[in-house]
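A.B. asks: return atomic coordinates for the entry below.
(one chain, ligands or ions: 1)
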Amino acid sequence: MALYVKAAAILGQLEGKRGSVKTLVYNSGHKNIKQLFALVCETLKYTPVLEEIINTTDLLKKEKKLQINVAKVLVYDLLFGKGLKCGGSWKALIMKHRSQLKSALARLKVKRKVSCNEDLLETKASSTAGCQLPRYVRVNLLKNTVEDVIDYFKREDYTYLGQATSVADLKHLGRKQFIGDLHLPELLVFHPKIDLHEHFLYTAGHIILQDKASCLPAHLLNPPTGSHVIDACAAPGNKTSHLAAILCNKGKLFAFDLDTKRLSTMGTLLLRAGVTCHELANQDFLLVDPSNPKYQNVKYILLDPSCSGSGIVNRLNQLTDDETSSSRPRLLALASFQCKALNHALSFPGVERVIYSTCSIHREENEDVVEEILQQHGNRIRCCIGDC
Ligand SMILES: C[S@@+](CC[C@H](N)C(=O)[O-])C[C@H]1O[C@@H](n2cnc3c(N)ncnc32)[C@H](O)[C@@H]1O
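C.D. replies: As a prediction, the model looks like this:
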């Protein structure tokens, strides 16, 4: 019983963006963390299907005491999970509707023309607009051209659909189709299920697997070739390599990060991407001296500080990632760091443009402070909000 109640409570907390699955499960005090984690993740995965079954059977109308999240975990376990092994009075309540729920599931499968539960999940996910983000591939212009990369994929039997003309074009890609992004010329868009991590073009640094939201900050900063640029919180360096490509490896890219391990990964990735105009420093950006003559020609700063990730709600894998843990004190500490870093970036005397990349949660958390900074320096900063 406690298992279902706790899982339902965590679903509620996730809706309220009060943390990641991992954090909430670990903080729940439940004795079997692994079992609770699996139940929450699986229920999330099946949520659209569960909601449809709960609606078509009028379950909540028939059982007034039953709340939607409790219903979801119970119906999940009955139909797709272990079959309600525990559950006390909840189990008894849901078992009254067992045959109706099972028939609703069978009807849904007939309607979707699928035979197993997993297929139902897949067709539901792909038919729900916006449920799955496409895979974005940034062509690394330091190593290749967009045309040559397109040709390479075509030779592997992918069909290139040309340049997208509307967002709808990105939503109906087949597994062997790809399309040029609507806004960024070096970005190609693939089916959400395509995994290119083992692909030669990726392992050789010709393409970078980078979401569109993550490509926007460097695109917006758009430093002219030869400029001096600071990437304040740089590791693992996707935006740094994007900046280097925009600079055509000419100029100077000062990249800072506090985390030694991430910085060493970044070194490897930049080497692979053919970046040569960078200078990496394992340093707290807040302690970088703006009056140091080394930075006197810096006109552009990209600020992509650590983020709670709690604005991310639509991807289970991201919800369960450590980066997304966002207990309140951590969120506040990060929000405060973001403001300090923004002010620090603006204190570099020659800086003309700062792109502050953040998520909607932090933007809201820092609303007053950021508004004040924007009023003072609005001509020099742009906020780039991405909950990818
Ligand atoms: C969101 S990640 C940056 C991602 C990176 N811009 C990219 O596109 O690959 C934030 C980074 O900020 C670093 N960081 C946190 N506090 C910092 C500080 N005070 N100075 C420099 N880097 C910091 C973290 O170690 C982390 O690697």
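
A.B. asks: which strand or helix spans Trp90?
C.D. replies: Taking DSSP states H and E as the criterion, Trp90 maps to helix 88-95.

A.B. asks: oh sorry, the question was meant for Leu173
C.D. replies: Counting by DSSP H and E, Leu173 is found in no helix or strand.

A.B. asks: and Leu342, by the same measure?
C.D. replies: Assigned by DSSP H and E, Leu342 belongs to helix 328-346.

A.B. asks: mind listing what's buried in that helix?
C.D. replies: Leu331, Leu334, Ala335, Phe337, Gln338, Cys339, Ala341, Leu342, His344, Ala345, Leu346 (16 or more other CB atoms under 10 Å). Using the backbone N, CA and C atoms, a C-beta is placed for each residue, glycine as well.

A.B. asks: got the contact list for whichever helix or strand comes after it?
C.D. replies: Next along the chain after helix 328-346, taking DSSP H and E as the criterion, comes strand 353-358. Strand 353-358 has contacts (CB atoms under 8 Å, 6 or more residues apart in numbering) with 216-218, 220-221, 223, 239, 299-305, 307, 338, 342, 345-346, 366, 370, 377, 380-386.

A.B. asks: least trustworthy helix or strand in this structure by mean pLDDT?
C.D. replies: Lowest mean confidence among the helices and strands of the chain (mean pLDDT, DSSP states H and E): helix 316-319, at a mean of 44.

A.B. asks: burial count for the nearest residue to Lys72 once chain neighbours are set aside?
C.D. replies: Nearest non-adjacent residue to Lys72, counting by CB to CB, 6 or more residues apart in numbering: Leu50, 4.8 Å away. By other CB atoms under 10 Å, 23 other residues sit near Leu50.

A.B. asks: do the same with Gln163
C.D. replies: Look at Gln163: counted by other CB under 10 Å, it has 11 neighbours.

A.B. asks: let me see the contact set for it.
C.D. replies: Neighbouring residues of Gln163 by CB under 8 Å, 6+ apart: Ile179, Gly180, Leu182.

A.B. asks: okay, and which of these map to strands?
C.D. replies: Assigned to strands by DSSP state E, the following of the contacts of Gln163 qualify: Ile179, Gly180.

A.B. asks: out of the contacts of Gln163, which are buried?
C.D. replies: By neighbour count, with 16+ other CB under 10 Å, the contacts of Gln163 hold Ile179, Gly180 as buried.

A.B. asks: what angle do the helix or strand hosting Val70 and helix 88-95 make?
C.D. replies: Element membership for Val70 (DSSP H and E) is helix 68-79. Counting by axes from the mean of the first three to the mean of the last three CA atoms, to 10 degrees, helix 68-79 lies at 70 degrees to helix 88-95.

A.B. asks: pull out the buried residues from helix 68-79.
C.D. replies: Asn69, Val70, Ala71, Lys72, Val73, Leu74, Val75, Tyr76, Asp77, Leu78, Leu79.

A.B. asks: the first one touches Leu11, doesn't it?
C.D. replies: Put plainly, it is Asn69. Yes: between Asn69 and Leu11 there is a contact under CB atoms under 8 Å: 4.2 Å.

A.B. asks: burial count for the residue in the stretch 151-300 of the chain positioned nearest to the ligand?
C.D. replies: Relative to the ligand, the nearest point of the stretch 151-300 of the chain is Cys233 (3.1 Å; CB to the nearest ligand atom). Neighbour count of Cys233, defined by other CB under 10 Å: 23.

A.B. asks: against Phe256, how distant is it?
C.D. replies: In this view, Cys233 and Phe256 are 7 Å apart by CB to CB, to the nearest Å.

A.B. asks: any residues in contact with both of these two?
C.D. replies: Phe285.

A.B. asks: with the buried residues of helix 68-79 in mind, which one is nearest to the ligand?
C.D. replies: Distances from the ligand to those, taken as CB to the nearest ligand atom, are shortest for Asn69 (30.8 Å).

A.B. asks: next up, the contacts around the closest one.
C.D. replies: Here Asn69 is in contact with Ala7, Ala8, Ala9, Leu11, Gly12 (CB under 8 Å, 6+ apart).

A.B. asks: list buried residues within those.
C.D. replies: The buried subset of the contacts of Asn69 (16+ other CB under 10 Å) comprises Ala7, Ala8, Ala9, Leu11.

A.B. asks: tell me which stretches of the stretch 1-150 of the chain form helices.
C.D. replies: For the stretch 1-150 of the chain, applying DSSP state H, counting those that start in this stretch gives helices covering 2-15, 21-27, 33-56, 59-62, 68-79, 88-95, 98-112, 117-127, 146-155.

A.B. asks: which one of those lies closest to Leu170?
C.D. replies: Counting by CB to CB, Leu170 lies closest to helix 117-127 out of these; the figure is 12.9 Å.

A.B. asks: and Ala213, how many neighbours does it have?
C.D. replies: Ala213: 16 surrounding residues under other CB under 10 Å.

A.B. asks: who's in contact with the helix holding Trp90?
C.D. replies: 1, 4-5, 63, 65-66, 70-71, 74-75, 78, 84, 87, 101.

A.B. asks: go again using 7 Å as the cut-off
C.D. replies: Met1, Tyr4, Glu63, Leu66, Val70, Leu74, Val75, Leu78, Leu84 (CB atoms under 7 Å, 6 or more residues apart in numbering).
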